[in-house]
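Engineer: I'll drop the sequence and a predicted model, then ask my questions.
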Amino acid sequence: VLLLIFLTFNVRLLAQGNVEFSKSNFKDDVAGYKIAVKQLQEADYKSNANLYKEALETYLTVDQFNPNNAELNGKIGECYTHESNNNKALEHLEKAYKLDNNLDGFYIYLLASVYHHSNNFNDAIKYYRLSKSKGSKMPGAYMAGVDKSIKEATYGKKLVKTPINVEIDNLSEAVNTANE
C-alpha cells in the first residue's frame with residue numbers, strides 16, 4: 001500500500017513541469033517536505049563553501065523527494081561540473097531547462113559550458129547567448145566571460161571543421177625528461 005502511494009505521488013510529479021518546494025505542493029507529505037527543505041539548505045551551505053562532492057550527495061537525496069524542481073536540477077548539474085562529470089551534469093542541466101525555460105542564466109551558462117566541453121559548439125553558442133540575455137541573480141563574474149566563451153566556441157567550430165595533422169617528436173633528453 002505504501003509503495004502504491006509512493007508511486008502514485010511520483011507519477012503525479014512526473015506529469016507536472018517545474019515543482020517548486022512549497023508546502024502546498026506536498027500536502028500529502030508535509031514531514032517529508034520539511035526534511036527535504038532542511039537538507040536543501042544544508043546542501044546549499046556546502047555548495048557555497050565549495051564542498052561540491054558533499055553538496056551533491058545531499059542534493060541527490062533531496063532529488064529523490066522532488067526530482068522535478070528546475071533549480072535543484074541546476075544545482076545538481078553545477079556540482080557535477082565541479083566533479084568533472086559532464087554526462088551527469090548535462091543530464092541534470094538539460095532537465096532543469098526543460099522544466100523551466102525561465103531558469104536563472106547561471107544554470108543556462110553551465111549548460112552551455114558542458115556543451116562547449118563536449119565539442120557541441122552550436123548548442124554551446126546558443127545557450128551562452130541565452131544565458132547572457134537571461135542574466136542571473138547568482139553572484140560571480142561568469143557573465144563577464146560569456147562573450148569570450150562564445151568566441152572560443154565559434155573558433156572551436158572552425159578548428160573541428162579543418163583539422164590538421166601534427167607529428168610530435170622527442171627532441172632529446174636535454175629537452176624532454178624521462179617523466180614526460
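Structural biologist: Here it is on my side, so go on. Numbers count the residues shown, from 1 in each chain.
Engineer: remind me which residues of this structure are low pLDDT?
Structural biologist: Along the chain, segments meeting pLDDT under 70 span 1-16, 138-142, 173-180.
Engineer: what's the longest helix in it?
Structural biologist: Using DSSP state H, we find that the single longest helix of the chain is helix 30-48.
Engineer: and the next element down the chain from that helix?
Structural biologist: helix 52-65 (DSSP states H and E).
Engineer: circling back: the longest helix of the chain: how far from the chain's middle?
Structural biologist: 18 Å (Cα atoms, centre = their mean, to the nearest Å).
Engineer: Report the backbone C-alpha coordinates of it in PDB.
Structural biologist: Taking Å, rounded to 0.1, in the frame of the first residue of the first chain, the C-alpha atoms of helix 30-48 are listed here in PDB:
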ATOM      1  CA  VAL A  30       4.500  17.600   5.000                       C
ATOM      2  CA  ALA A  31       7.000  15.700   7.100                       C
ATOM      3  CA  GLY A  32       9.000  14.700   4.100                       C
ATOM      4  CA  TYR A  33       8.800  18.300   2.700                       C
ATOM      5  CA  LYS A  34      10.200  19.700   5.900                       C
ATOM      6  CA  ILE A  35      13.100  17.200   5.900                       C
ATOM      7  CA  ALA A  36      13.800  17.900   2.200                       C
ATOM      8  CA  VAL A  37      13.800  21.700   2.800                       C
ATOM      9  CA  LYS A  38      16.300  21.300   5.700                       C
ATOM     10  CA  GLN A  39      18.500  19.100   3.500                       C
ATOM     11  CA  LEU A  40      18.300  21.600   0.700                       C
ATOM     12  CA  GLN A  41      19.500  24.300   3.000                       C
ATOM     13  CA  GLU A  42      22.300  22.100   4.200                       C
ATOM     14  CA  ALA A  43      23.400  21.300   0.600                       C
ATOM     15  CA  ASP A  44      23.300  25.000  -0.300                       C
ATOM     16  CA  TYR A  45      25.600  25.700   2.600                       C
ATOM     17  CA  LYS A  46      28.000  23.000   1.500                       C
ATOM     18  CA  SER A  47      27.900  24.300  -2.100                       C
ATOM     19  CA  ASN A  48      28.500  27.900  -1.100                       C
END
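Engineer: residues contacting Ile150?
Structural biologist: Listed by Cβ atoms under 8 Å, 6 or more residues apart in numbering, the contact set of Ile150 reads 125, 128-129. For the C-beta atoms, the positions are set from N, CA and C on the backbone; glycine is no exception.
Engineer: related to what we said a few turns ago, quick one, the longest helix of the chain and helix 52-65 angle?
Structural biologist: Going by axes from the mean of the first three to the mean of the last three Cα atoms, to 10 degrees, helix 30-48 is angled at 160 degrees with respect to helix 52-65.
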